[in-house]
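A.B. asks: here you go, sequence then predicted model.
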Amino acid sequence: MRSDLCLVIDQGSNSSQAMVFDRFGNCLSRGKVQVKTQYTPPNRVEQRPQDVLISLKRAALEAISNLKREDRSNLRTAALITQRSSVLCWDADNGQPLTPLISGQDRRGFHYIDELMPLASMIRQLTGLYPNAHLPASKLRWCMEHMAFNTAKHRVRGGPIAAWLIKQLLDEQPNLIDGVTAARTLLYSIKDRDWHPELLDLFQLPDSLLPKVRPSKFNFGTLKLPGFKLPLNFVSGDQASALFAFGEPSQDNLFINLGNGGFMNRVLTERGLHPQERILHQLILSAKQPLYSAEATINGVENALEWGFDICRPETRNIDHWADQHTDPPLFMNMVGGVGSPYWQPLDRSCWINDSDDPKARMVAVMESIIFLICRNIKAMSSLPPARQIIIAGGINRFNSLCQGLADLSGLPVLRYAQSDITALGAAWQTLPNSVRNMLPETTFTPEANPSLAERYQAWLVAFNNHLSSLSG
């Protein structure tokens with residue numbers, strides 16, 4: 001007897017994907033459609049909402065059409081995963097978008113955040129988040145102050161893209177959002193588990209603007225696709241979902257997901273356990289018994305490598321080979337996209353120190369800066385019980401030199417799995433009853449003595465702090 005199947009639709013900013021999983025985590029089919037993004041210097045990043053919606057439907061239909069005929073009848077449920085910080089406004093009656101989709105990379109509301117920085121400690125106590133302009137609240141305020149809506153004010157709704165997709169994709173057209181995504185807005189109290197009136201007042205937003213909050217596992221409504229209707233039973237954010245890819249996440253693990261940017265998570269299973277200041281305290285499962293994590297963010301990861309390739313223009317992209325050749329590269333001040341935790345510096349002033357004319361050595365320095373930012377955040381999480389191992393995922397985990405360097409510098413074994421779609425895999429695990437995960441790591445990188453890397457890390461810490469100080473001075 002074949003197992004029940006789950007359709008996971010995953011909106012990840014630059015592309016929309018859909019995958020069908022069984023309860024053992026096997027992906028039986030998939031579809032993927034790219035989405036265009038418009039970049040307008042210095043800090044605006046937008047997409048057309050309808051382009052995103054159409055891409056998601058096309059990806060879902062492609063995944064279903066690629067299924068064997070006998071498997072289609074076993075589709076039982078669906079899950080929706082989104083990037084957490086992209087926002088828009090829409091008409092409550094017909095769901096028509098009233099604004100562009102403002103990307104999570106967009107920072108147009110930074111001046112609102114600057115005004116509220118004296119209240120950062122209070123905001124962090126309520127939300128678990130350190131205020132920054134990538135999060136939705138400042139972008140929603142910008143929309144309310146700068147966009148001319150062609151509808152009555154009481155019909156204007158706004159929030160993360162997940163809420164708009166729920167309204168567009170479901171027969172019932174509800175105004176709902178899951179708690180995990182809501183918790184990423186700077187408007188949600190992780191204690192009260194709902195929108196907080198004081199936060200709404202700080203950002204001058206009406207409470208009527210936002211959708212109603214529901215648990216991650218909830219019957220949101222009926223997903224409608226040509227020839228198919230499925231109950232949408234799970235909605236969450238991408239990074240939170242990824243933590244469940246290999247089953248119930250353990251506090252013993254440090255989870256690192258390296259895509260365009262990077263996210264580091266330690267699950268908080270002990271009541272009252274909190275990360276240190278300037279590390280995020282994040283909801284990863286919205287339920288009667290919620291689950292939280294300590295989360296660190298690294299802004300410059302794959303985008304930093306692309307930035308470096310554009311500047312250096314090496315003939316190939318074989319970073320692993322270059323790392324063996326260049327054992328004393330320069331130091332890269334990685335501020336691509338600004339600097340995330342624990343520094344929270346919005347400026348992008350990247351440069352090389354002790355520079356080399358060799359483009360390959362420069363690229364090794366960019367790769368090492370990602371390792372250094374990870375290890376700096378591991379230190380920032382030092383109030384938590386020590387992790388026993390690192391599970392690494394994301395596009396650039398393919399670089400052996402990065403994984404081995406991280407193992408050497410952190411002193412922790414680094415486990416790399418063959419499975420790449422861990423966000424969707426985690427959603428399937430939470431959506432399908434009796435899910436099983438028996439995957440083993442593809443490669444384990446064991447820590448080795450690496451005194452030259454440790455020496456460069458200490459030199460980088462001093463140089464990076466001096467570089468940040470020079471910008472603020």
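C.D. replies: Received it, and whenever you're ready, just let me know what you need. Numbers count the residues shown, from 1 in each chain.

A.B. asks: distance of the closest residue to Leu169 other than its chain neighbours from Ala454?
C.D. replies: Once flanking residues are discounted, Leu169 sits nearest to Leu223: 5.6 Å by Cβ to Cβ, 6 or more residues apart in numbering. All C-beta atoms are positioned from the backbone trio N, CA, C, and that covers glycine. Shown here: Leu223 relative to Ala454, a distance of 51 Å by Cβ to Cβ, to the nearest Å.

A.B. asks: who has more neighbours, those two?
C.D. replies: Taking neighbours as other Cβ atoms under 10 Å, Leu223 and Ala454 compare with Leu223 leading, 22 against 13.

A.B. asks: thought that one was touching Ala78?
C.D. replies: Yes. Counting by Cβ atoms under 8 Å, Ala78 is a contact partner of Leu223 at 4.8 Å.

A.B. asks: not counting sequence-adjacent ones, nearest residue to Cys27?
C.D. replies: Met19 (5.2 Å).

A.B. asks: hmm, back to that, any residues in contact with both of Leu223 and Ala78?
C.D. replies: Taking Cβ atoms under 8 Å, 6 or more residues apart in numbering as the contact rule, Leu223 and Ala78 both touch Leu7, Leu230, Pro231, Leu232.

A.B. asks: paired strands for the strand or helix carrying the second one, with orientation please.
C.D. replies: For Leu230, the host element (DSSP states H and E) is strand 228-237. Its sheet considered, strand 228-237 pairs with strand 75-82 (parallel), strand 217-225 (antiparallel) by DSSP bridges.

A.B. asks: buried residues in the longest one?
C.D. replies: Right, the one you point to is strand 217-225. Lys217, Phe218, Phe220, Gly221, Leu223, Leu225 (16 or more other Cβ atoms under 10 Å).

A.B. asks: next one: stretch 385-395
C.D. replies: Ala387, Gln389, Ile390, Ile391, Ile392, Ala393, Gly394.

A.B. asks: tell me the buried residues in stretch 10-22?
C.D. replies: Asp10, Gln11, Gly12, Ser13, Ser16, Gln17, Ala18, Met19, Val20, Phe21, Asp22.

A.B. asks: off-centre distance for stretch 451-458?
C.D. replies: Relative to its chain's centre, stretch 451-458 lies at 29 Å (Cα atoms, centre = their mean, to the nearest Å).

A.B. asks: contacting residues around it?
C.D. replies: Thr327, Asp328, Pro329, Leu331, Glu368, Ile371, Phe372, Cys375, Gly405, Asp408, Leu409.

A.B. asks: who are the contact partners of the fourth one?
C.D. replies: Spelled out, it's Leu331. Trp352, Ile353, Asn354, Ala365, Ser369, Arg456, Ala459, Trp460, Ala463, Phe464.

A.B. asks: and the nearest residue to Pro197 once chain neighbours are set aside, how many neighbours?
C.D. replies: Excluding the flanking residues, the one nearest Pro197 by Cβ to Cβ, 6+ apart is Asp207, at 6.8 Å. By the criterion of other Cβ under 10 Å, Asp207 has 11 neighbours.

A.B. asks: measure Asp207 to Leu373 for me?
C.D. replies: Taken as Cβ to Cβ, the span from Asp207 to Leu373 is 38 Å.

A.B. asks: now swap in Gln105 and tell me
C.D. replies: With Cβ to Cβ as the criterion, Gln105 and Leu373 are 18 Å apart.

A.B. asks: neighbour count for the two, which is higher?
C.D. replies: The residue with more neighbours, out of Gln105 and Leu373, is Leu373; 27 against 22, by other Cβ under 10 Å.

A.B. asks: you'd agree the more buried one is up against Asn334?
C.D. replies: Yes. The pair Leu373 and Asn334 passes the contact test of Cβ under 8 Å, sitting 6.2 Å apart.

A.B. asks: quick one: the closest residue to Gly262 other than its chain neighbours from Ser350, how far?
C.D. replies: Of all residues not flanking Gly262 in the chain, Ile298 sits nearest, at 3.6 Å (Cβ to Cβ, 6+ apart). Separation of Ile298 from Ser350 (Cβ to Cβ) stands at 13 Å.

A.B. asks: pick out whichever of these two has more residues nearby.
C.D. replies: Ile298 (24 against 21).

A.B. asks: now do the contacts for the more buried one.
C.D. replies: If you count contacts by Cβ under 8 Å, 6+ apart, then Ile298 has Leu258, Gly261, Gly262, Phe263, Met264, Gly340, Ser341, Ile370, Leu373, Ile374, Asn377 around it.

A.B. asks: for the fifth one, give the beta-bridge partners.
C.D. replies: With DSSP bridges as the criterion, the beta-bridge partners of Met264 are Ile256, Ala296.

A.B. asks: what about the closest residue to Cys312 other than its chain neighbours, neighbour count?
C.D. replies: Spatially, and ignoring its direct neighbours in sequence, Cys312 is nearest to Pro359 (3.5 Å; Cβ to Cβ, 6+ apart). Using other Cβ under 10 Å, Pro359 is surrounded by 16 other residues.

A.B. asks: check Pro359 and give its pLDDT.
C.D. replies: The model reports Pro359 with a pLDDT of 95.

A.B. asks: list the contacts of it.
C.D. replies: Cys312, Arg313, Pro314.

A.B. asks: cool, and Asn377?
C.D. replies: Met264, Ile279, Ala296, Ile298, Ser341, Pro342.

A.B. asks: which among the residues you listed gets closest to Val33?
C.D. replies: Ile298 (27.5 Å; Cβ to Cβ).

A.B. asks: need phi/psi at the spatially most central residue of the chain.
C.D. replies: Centroid-nearest residue in the chain: Gln239, 4.5 Å away (criterion: Cα atoms, centre = their mean). Dihedral pair for Gln239: phi -70, psi -40, per degrees, to the nearest 10.

A.B. asks: give me the spatial nearest neighbour of it, chain neighbours excluded.
C.D. replies: Phe263 (4.6 Å).

A.B. asks: what's the local residue count around Ala459?
C.D. replies: 14.

A.B. asks: then the one 10 residues further on?
C.D. replies: For Ser469, the number of neighbouring residues by other Cβ under 10 Å comes to 9.

A.B. asks: can you check Leu7 too?
C.D. replies: Using other Cβ under 10 Å: Leu7 sits among 28 other residues.

A.B. asks: could you give the bridge partners of it?
C.D. replies: Val20, Ala78.
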